[in-house]
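>>> please work out how this folds:
(chains A and B)
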Amino acid sequence: MSLMQEMNQRALELGVPLSLHLDVTYRCNERCIHCYLDHDDHGELTTEEIKGVLEQAAEAGTFFLTLSGGEVFMRRDFFEILGHARRLMFNVRIKTNGVMIGKEEARRMRELGVEHVQISVYSHRPEVHDRITKLPGSLKRTIEAIRFIKSQGLKVTVANVLMRGNSEDHAGVQALAKELGASYTLDPTITPKIDGDDSIVALRIPGSELHSVFRTEALVGNVEEFCALPPPVGEDVMEAYPCSAGHTAIYVSPYGDVTPCVQFPLPSGNVRREKLMDIWRYSPELNEVRSIHARDLPVCSTCSHVGTCTRCPGLAYMEGSMRGPSTADCEKSFQRTGIASANMLRKERIQSTGPLVQIQAWRPSESSGQEIPRVAAQLL
Amino acid sequence: MGFDSMSEKYISRSTAIAARMLGGELMVMSSTDSTFFTLNEVATAIWQAADGRTPLSEIVSRVVCEEFEVEPSVAHSDAEQFVAELSQHGILMVSDHPNTDPSVQEPA
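Purely as a prediction, here's the structure:
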């Protein structure tokens, strides 16, 4: 167990929210076709309210702070927020599109001791990147921002979300990241919109392309290891928690809404009405999330992938149940190993046996005398 | 580097770090190279006393030897190693002169 894992385990035992993801705004200067947010301002937390949340989190023991959006630099008070966070000694990571970062912004981030900056790049080709962001010239400005930040000696990760329309460009983005001296991370997950609209899920790359991505050594490292069959499931696996959301990590929206994670929009409280730590400790929703072990998942606990699946409880929640499967992760497990998930097999059975209630018309000419139509109900 | 050479040193906490107490230990991470440390109670006490104005020798005698009842030779040697390690990662700053800046960082 690494030192970091030990600290995570200790935070879990002590009930400390070790990580806070704070979206300071949902406003953005880009209009990415796959974005899950509503970019209008519905009453963002004020500077003082955000400072108050940060003070509460520091007191609660939060160490890792991710400042994200929307686009964080859309807030004119962003550096005031950042400065306050650093005075409170958080480890600060920023997620941005970089478009508003020039030399001066990069210098101030370095001076304030930002640990890491993650910047979204969709393609190395301007026509593809700018078509996704719907902001002409955005790739050029994003690349310039990365250069400014790197020139200050800060660490940068290029985050490459894969979707229909840029799925062939990951090698180009990876090469660009290398040229810029940045790390590279790939994410093939498109999540439904925060209001429940799942139309953008259609942008997810098809399974065949996911299969190919998972067999690209430059992306996954040791392909044989990455695509290995799931190992036998032990009791420790069934006792495990799905992820850190609600256990050692928490999310606060620009409106003060608290949820287990940005990708897990389970309303659990609002910092305008309650103290962050009261929500963390006493919210029935967060306590329900914490009560769920792998053994409590009706479908996933019967799945051979249960110990190795990347199942996101937030995506499962958005599909209908936080104890249910996440179809996107079932697909990933399948494309990785070639073994269908319990959820996929269940769906196949349902499709092959037809609808829950079947009605068949009986025609007298086909039989010998019975004249009453037959209704067959089949429970699956 | 022997203790004699370190005893006239003044240590202060870098501003390019993150720090937080967790279960009686202090977590510290350098934002420059992302190295992560946890400091036990004694190391945390030295850390908190690192105001850039108090000589390291005094910190060791007053904070470590008195509060934790440690033999001076052991305390000095361990403190020296601790300071060398953290200063290598830019987490502690070591100077031959006391810091006269009144805005020196307060303990985490």
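
>>> list the residues that contact A:A159.
Shown in contact with A:A159 (CB atoms under 8 Å, 6 or more residues apart in numbering or on different chains): A:K95, A:Q118, A:I119, A:S120, A:V121, A:T185, A:D187. For glycine as for every other residue, the C-beta is placed from the backbone atoms N, C-alpha and C.

>>> number of nearby residues for the fifth one?
Taking other CB atoms under 10 Å in any protein chain shown as the neighbour definition, A:V121 ends up with a count of 29.

>>> and the first one, by the same measure?
Here the count is done by other CB under 10 Å, and A:K95 has 21 residues near it.

>>> pLDDT-wise, which helix or strand of chain B ranks last?
When the helices and strands of chain B are scored by mean pLDDT, DSSP states H and E, helix B:3-7 comes last with a mean of 48.

>>> part of a strand, is A:D329?
No - according to DSSP: H, G, I helix; E, B strand; the rest coil, A:D329 belongs to no strand; its state is helix.

>>> counting neighbours, what do you get for it?
For A:D329, the neighbour count with other CB under 10 Å is 21.

>>> assign the nearest residue to it once chain neighbours are set aside to helix, strand or coil.
Excluding the flanking residues, the one nearest A:D329 by CB to CB, 6 or more residues apart in numbering or on different chains is A:R311, at 4.6 Å. Secondary structure state of A:R311, per three-state DSSP, is coil.

>>> got it, and A:E48?
With three-state DSSP as the basis, A:E48 sits in helix.

>>> repeat for the one 3 residues further on
Following three-state DSSP, A:K51 is assigned to helix.

>>> the residue of the stretch 251-380 of chain A found nearest chain B: what's it in contact with?
For the stretch 251-380 of chain A, the residue closest to chain B is A:M277, as judged by CB to the nearest CB, at 14.7 Å. The neighbourhood of A:M277, defined by CB under 8 Å, 6+ apart, consists of A:Q56, A:E59, A:A60.

>>> beta-bridge partners for whichever residue of chain B sits closest to chain A, please?
Using CB to the nearest CB, the closest approach of chain B to chain A is made by B:A18 at 3.5 Å. On the basis of DSSP bridges, B:A18 is bridged to B:M29.

>>> could I have the CA atoms of stretch A:71-87 written out in PDB?
Extracted in PDB, the C-alpha atoms of stretch A:71-87 (Å, rounded to 0.1, in the frame of the first residue of the first chain):
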ATOM      1  CA  GLU A  71     -14.500  27.600 -17.100                       C
ATOM      2  CA  VAL A  72     -12.900  28.800 -13.900                       C
ATOM      3  CA  PHE A  73     -11.500  32.000 -15.400                       C
ATOM      4  CA  MET A  74     -15.000  33.100 -16.300                       C
ATOM      5  CA  ARG A  75     -15.100  34.200 -12.600                       C
ATOM      6  CA  ARG A  76     -13.400  37.600 -12.200                       C
ATOM      7  CA  ASP A  77     -12.700  36.700  -8.600                       C
ATOM      8  CA  PHE A  78     -11.000  33.400  -9.500                       C
ATOM      9  CA  PHE A  79      -7.500  34.500  -8.300                       C
ATOM     10  CA  GLU A  80      -9.000  35.700  -5.000                       C
ATOM     11  CA  ILE A  81     -10.600  32.300  -4.500                       C
ATOM     12  CA  LEU A  82      -7.300  30.500  -5.500                       C
ATOM     13  CA  GLY A  83      -5.300  32.700  -3.200                       C
ATOM     14  CA  HIS A  84      -7.600  32.000  -0.300                       C
ATOM     15  CA  ALA A  85      -7.400  28.300  -1.000                       C
ATOM     16  CA  ARG A  86      -3.600  28.300  -1.000                       C
ATOM     17  CA  ARG A  87      -3.500  30.400   2.200                       C
END
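
>>> give me the contacts around that stretch.
A:24-25, A:27-30, A:44, A:47, A:50-51, A:54, A:65, A:67, A:92, A:94-97, A:99-101, A:105, A:108-109, A:112-114, B:15.

>>> assumed B:V74 was part of a strand.
No - B:V74 is assigned helix when assessed by three-state DSSP, not a strand.

>>> can you tell me how far it is from B:V60?
According to CB to CB, to the nearest Å, B:V74 and B:V60 sit 10 Å apart.

>>> A:T337 now?
Look at A:T337 and B:V60: by CB to CB, they are 57 Å apart.

>>> what's the answer for A:Q152, then?
36 Å.

>>> check A:L135 too.
Separation of A:L135 from B:V60 (CB to CB) stands at 57 Å.

>>> when those two are compared, which one has more neighbours?
Between A:L135 and B:V60, counted using other CB under 10 Å, B:V60 has the larger neighbour count: 25 against 19.

>>> in three-state terms, label the more buried one for me.
With three-state DSSP as the criterion, B:V60 was assigned helix.

>>> next one: the one 5 residues further on
Here B:C65 is recorded as helix under three-state DSSP.

>>> mind listing what the residue nearest to A:H305 when sequence neighbours are not counted touches?
Of all residues not flanking A:H305 in the chain, A:S333 sits nearest, at 4.2 Å (CB to CB, 6+ apart). When contacts are counted by CB under 8 Å, 6+ apart, A:S333 touches A:P230, A:H305, A:T308, A:C309, A:T310, A:I339, A:S341.

>>> pLDDT wise, what is A:S333 at?
For A:S333, the pLDDT comes out at 95.

>>> could you do the one 4 residues further on as well?
The predicted local distance difference test score for A:T337 is 94.

>>> and what of B:G2?
B:G2 carries a pLDDT value of 43.

>>> please apply the same query to the one 10 residues further on.
At B:S12 the predicted local distance difference test score is 94.

>>> and stretch A:156-170, what's its mean pLDDT?
Mean predicted lDDT for stretch A:156-170 stands at 96.

>>> buried ones in it, by neighbour count?
A:156-163, A:165-167, A:169-170 (16 or more other CB atoms under 10 Å in any protein chain shown).

>>> in chain A, what residue lies closest to chain B?
Taking CB to the nearest CB, chain A has A:N91 as its residue nearest chain B, at 3.5 Å.

>>> across the sheet, point out what pairs with that residue.
A:F64.

>>> pull out the buried positions in stretch A:143-156.
By neighbour count on 16+ other CB under 10 Å, the buried set for stretch A:143-156 is A:I143, A:E144, A:A145, A:I146, A:R147, A:F148, A:I149, A:K150, A:Q152, A:L154, A:K155, A:V156.

>>> let me redo that: stretch A:97-113
Buried, per 16+ other CB under 10 Å, within stretch A:97-113: A:N97, A:G98, A:V99, A:I101, A:E105, A:A106, A:R108, A:M109, A:R110, A:L112, A:G113.
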